[in-house]
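Colleague: Generate coordinates for the sequence data below:
(one chain, ligands or ions: 2)
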Amino acid sequence: MIQVTLIPGDGIGPEITEAVKAIFSAANVPLTWEEENAGQTTFDAVGELIPSTLIASLKKNKVALKGPITTPVGKGFKSINVQLRQMFDLYSNVRPAKTTKGIETRFENVNSVLFRENTEGLYSGLEIFDERLQIADSISRVTRVGCEKIVRAAFEFASKQGRQRVTAVHKANILKQAGALFLNVFREIAKEYPSIQADDIIIDNMCMQLVVKPEKFDVIVTTNLFGDILSDLCAGLVGGLGVVAGANIGDNMAIFEAVHGSAPDIAGKGIANPTALLRSAIMMLHHLDLKAEADRIEAALEATLVNKEECTGDLGGKASTMEFAQNIIAKL
Ligand code: NAI
Ligand code: MG
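Modeller: Ligands and ions are numbered 1, 2, ... in the order given. Reported below is the predicted structural model:
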């Protein structure tokens, strides 16, 4: 049995987590969950936002599945998601976006995978505020090592998955330092993968191209801020945040997560869509080399998604979170 850390999270987190657990158990996945939470709930209970028991569990298991965690806007604690990524150097944020039969969208045949640098750039946390002058600086620090790791992760993925093309997204025309470093590293590493087509595009043009012809793109690699925005844009092309997977991967640890938030507006009602967390959990199975289990659960999910009435309200159905899970289980 493989042991995995499970972070249920806040809001709808526990509800969608229960659904994924039920599906995994019905599919006899050889895996046990070690449950540890983080955020406001653990702060209220044990006085720690990221409890030491969670850190110990992550260090031991090296693989986790995580529900959404509420982050206060402005004053308050720093995002738990960002803290975990930086604490364990989970430098790749991997976000697949694939058109699914049954989920209505404006496009067909979208099949991209975005690699977002997850620890530096504008989210390095290098921020200064001069109270007297009322000037705020948020520094975008990009390192050669950081660029090399994310670019290599994208090319390695493309090479292993037989993908044709890797596109770097940047703003090196304006960001003469941080942008140029990232682009130069991309061009250097691209030479090591001669069978993969490598090209680059400026972020603003990319946004336009993606909403016009998204099916043109294959693997995409970019820095933190651009990747944050583009990954949600790509999710919108294939049905939204409720249906896409996400993973934070480093050299020694991987945290698979629901990319949407804690959805306080529907929390506790039992109507949240568990697809995003389930798809992240399927990515986790691939990471653990449990391919047969991953394929089996994915097939059952796809077979359910084509019948709208078997799905949750956000997908046009009437099923509760658990009914949707049961509909998937029936197709295993
Ligand atoms: P949100 O993603 O929680 O909600 C946006 C809208 O989408 C809401 O109407 C919600 O009901 C709906 N929605 C989201 N997930 C759904 C699902 N699985 N099924 C059905 N409907 C779903 O974004 P919002 O409201 O901006 O953020 C709420 C909280 O979540 C904030 O505290 C934010 O910081 C946190 N958050 C956490 C993330 C994480 O832990 N990875 C990511 C994004 C936000
Ligand atoms: Mg984001």
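Colleague: Please make it C-alpha for all contacts and neighbour counts, starting now.
Modeller: Noted.
Colleague: what about Glu188, which SS state?
Modeller: Following DSSP: H, G, I helix; E, B strand; the rest coil, Glu188 is assigned to helix.
Colleague: and it, how many neighbours?
Modeller: Neighbours of Glu188 under the rule other Cα atoms under 10 Å: 12.
Colleague: so what's the spatially most central residue of the chain bridging to?
Modeller: A centroid search over the chain (Cα atoms, centre = their mean) returns Gly246, at 2.2 Å, as the residue closest to the centre. Here Gly246 sits in beta bridges with Glu257, going by DSSP bridges.
Colleague: hang on, it packs against His260?
Modeller: No. Using Cα atoms under 8 Å, Gly246 is not in contact with His260, being 9.6 Å away.
Colleague: If we ignore the residues flanking it in sequence, what's nearest Ser320?
Modeller: With sequence-adjacent residues excluded and distances taken as Cα to Cα, 6 or more residues apart in numbering, Ser320 is closest to Ile271, at 4.7 Å.
Colleague: Based on its surroundings, how many neighbours for that neighbour?
Modeller: Neighbours around Ile271, by other Cα under 10 Å: 22.
Colleague: Do you know the pLDDT at it?
Modeller: Looking at Ile271, its pLDDT is 97.
Colleague: what does Ala276 give?
Modeller: 98.
Colleague: now it, what's its secondary structure?
Modeller: helix.
Colleague: what ranges do the strands span in the stretch 151-300 of the chain?
Modeller: Secondary structure of the stretch 151-300 of the chain (DSSP state E, counting those that start in this stretch): strands at 165-170, 197-202, 219-222, 245-249, 254-258.
Colleague: between those strands, which one is nearest to Val145?
Modeller: Nearest to Val145, of all the strands of the stretch 151-300 of the chain, is strand 219-222, at 14.3 Å by Cα to Cα.
Colleague: Enumerate the positions of the closest one that are buried.
Modeller: Counting neighbours by 16 or more other Cα atoms under 10 Å, one finds that the buried residues in strand 219-222 are Val219, Ile220, Val221, Thr222.
Colleague: so who does the second one touch?
Modeller: By Cα atoms under 8 Å, 6 or more residues apart in numbering, the residues touching Ile220 are Ser112, Val113, Leu114, Phe115, Ala154, Val166, Thr167, Ala168, Val169.
Colleague: same deal with the first one?
Modeller: Listed by Cα under 8 Å, 6+ apart, the contact set of Val219 reads Ser112, Val113, Leu114, Phe115, Ala154, Ala158, Arg163, Arg165, Val166, Thr167.
Colleague: Format those as TSV; extra columns: neighbour count, pLDDT and distance to ligand 1.
Modeller: Listed next are the contacts of Val219 as TSV, based on neighbours: other Cα atoms under 10 Å; pLDDT from 0 to 100; distance: Cα to the nearest ligand atom, whole Å:
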residue	neighbour count	pLDDT	distance to ligand 1
Ser112	22	98	20
Val113	23	98	18
Leu114	27	98	16
Phe115	31	98	16
Ala154	24	98	22
Ala158	20	98	25
Arg163	18	97	27
Arg165	18	98	28
Val166	28	98	26
Thr167	21	98	25
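Colleague: before we move on, the earlier item: pretty sure the residue nearest to Ser320 contacts Gly316?
Modeller: No. If you go by Cα under 8 Å, Ile271 and Gly316 don't touch, sitting 11.9 Å apart.
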